[in-house]
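K.L.:
sequence unavailable; structure follows:
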């Protein structure tokens, strides 16, 4: 499905199902977009995660129901998929700044109308990228499961943890002190950041990884294999993570909506980092690899 149409269809599906217990996975399945790519594109285009958008729209509709109907709070809570009146009241008060009873007594509440995406694409097809056919390859690394809604904040902490435990010693030129440090050295772990969407819902696997070409796999490390395929490779030059995040935003708000030839394929993408340079260098080289296929 064309990317911009897919995001619009996701919003339309959510709007029609505010009273149904839908998940990120349900939305992704409906519009035929991988949950991780849907979450990323949706957030960049709307400013909200899929889950936030669903919650905010339900709480706004709930406020309208309080004003326009005589339904009990418990009925409205269940209508918008809250398990208890208490959890509904807590979420409602946090979002609107007033309680359901105050809204029923004519206290103003916070509006949250359906989002309409009217995107003007600028430079999408002129971005610095190349389409490359790559043979299948394997990566090995340290894995952790993240939630799409909190991953932007949590993944950098994971990098700090792994670097502190296993990478900094060998990157400083010292001999490996354990099997994990040896793996970091042997496989150049830290060259890749891999997002793998094969769990379902809003969860995904993330690997801090290097290229695996055989050998013993230490317990606690994971191997993932990419099949033969085409990739859109976006080379990035500038301090990381700022430059990489900027290009990532453009990929999902300009390149994908405006590209007449390619769409996302597969369930994993790659961040590549130049391990021979310092990430804060003004010309630091990194890249984003997006699996694609011809439309």
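P.N.:
Received, thanks. All of these numbers come straight from a predicted model, not from anything done at the bench.

K.L.:
quick one: contacts for residue 88?
P.N.:
62, 73, 76, 77, 80, 82, 100 (C-beta atoms under 8 Å, 6 or more residues apart in numbering). (Glycine included, C-beta is placed from N, CA and C.)

K.L.:
now flag whichever of those is closest to residue 215.
P.N.:
Of all the contacts of residue 88, residue 82 has the smallest distance to residue 215: 51.3 Å, by C-beta to C-beta.

K.L.:
related to what we said a few turns ago, looking at neighbours, which among the contacts of residue 88 is most surrounded?
P.N.:
Across the contacts of residue 88, neighbour numbers were computed from other C-beta atoms under 10 Å; residue 62 holds the maximum, 25 neighbours.

K.L.:
that one: which element?
P.N.:
helix 50-68 (DSSP states H and E).

K.L.:
right, and the helix or strand after that helix?
P.N.:
Following helix 50-68 in sequence, per DSSP H and E, is helix 73-79.

K.L.:
what comes up buried for the helix or strand that that next one is followed by?
P.N.:
As assigned by DSSP H and E, the chain's next helix or strand after helix 73-79 is helix 85-96. For helix 85-96, a neighbour-count test (16 or more other C-beta atoms under 10 Å) marks 85, 88, 89, 91, 92, 95, 96 as buried.

K.L.:
related to what we said a few turns ago, pipe the contacts of residue 88 into a markdown table and attach pLDDT per row.
P.N.:
Converted to a markdown table, those look like this (pLDDT from 0 to 100):
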| residue | pLDDT |
| --- | --- |
| 62 | 96 |
| 73 | 95 |
| 76 | 97 |
| 77 | 96 |
| 80 | 97 |
| 82 | 96 |
| 100 | 96 |
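
K.L.:
residue 9: which of these is nearest?
P.N.:
Nearest to residue 9 among the contacts of residue 88, with distances taken as C-beta to C-beta, is residue 80, at 21.9 Å.

K.L.:
nearest residue to that closest one other than its sequence neighbours?
P.N.:
Leaving out its chain neighbours, the residue that sits closest to residue 80 by C-beta to C-beta, 6 or more residues apart in numbering is residue 58, at 4.1 Å.

K.L.:
so residue 214 sits in a helix?
P.N.:
No. Read with DSSP: H, G, I helix; E, B strand; the rest coil, residue 214 is coil and lies in no helix.

K.L.:
which residue ranges make up each domain of this structure?
P.N.:
By the assignment in automatic domain parsing, the chain contains the domains 3-104, 125-294.

K.L.:
mean pLDDT for those domains: which is lowest?
P.N.:
Mean pLDDT values for these show the minimum at domain 125-294, a mean of 89.

K.L.:
coming back round to it: give me the contact list for the helix holding residue 62.
P.N.:
10-11, 14-15, 18, 22, 24, 27, 38-39, 42-43, 46, 48, 71, 73, 76-77, 79-81, 88, 91-92, 95-96, 100, 103-104, 106, 109-115, 148-149, 202.

K.L.:
out of those, which end up buried?
P.N.:
By 16+ other C-beta under 10 Å, those give 10-11, 14, 18, 22, 24, 27, 38-39, 42-43, 46, 48, 73, 76-77, 79-81, 88, 91-92, 95-96, 100, 103-104, 109, 112, 115, 148-149, 202 as buried.

K.L.:
I figured residue 251 hits residue 292, correct?
P.N.:
No. Checked against C-beta atoms under 8 Å, the pair residue 251 and residue 292 is beyond contact range at 10.8 Å.

K.L.:
part of a helix, is residue 186?
P.N.:
Yes. Counting by three-state DSSP, residue 186 falls inside a helix.
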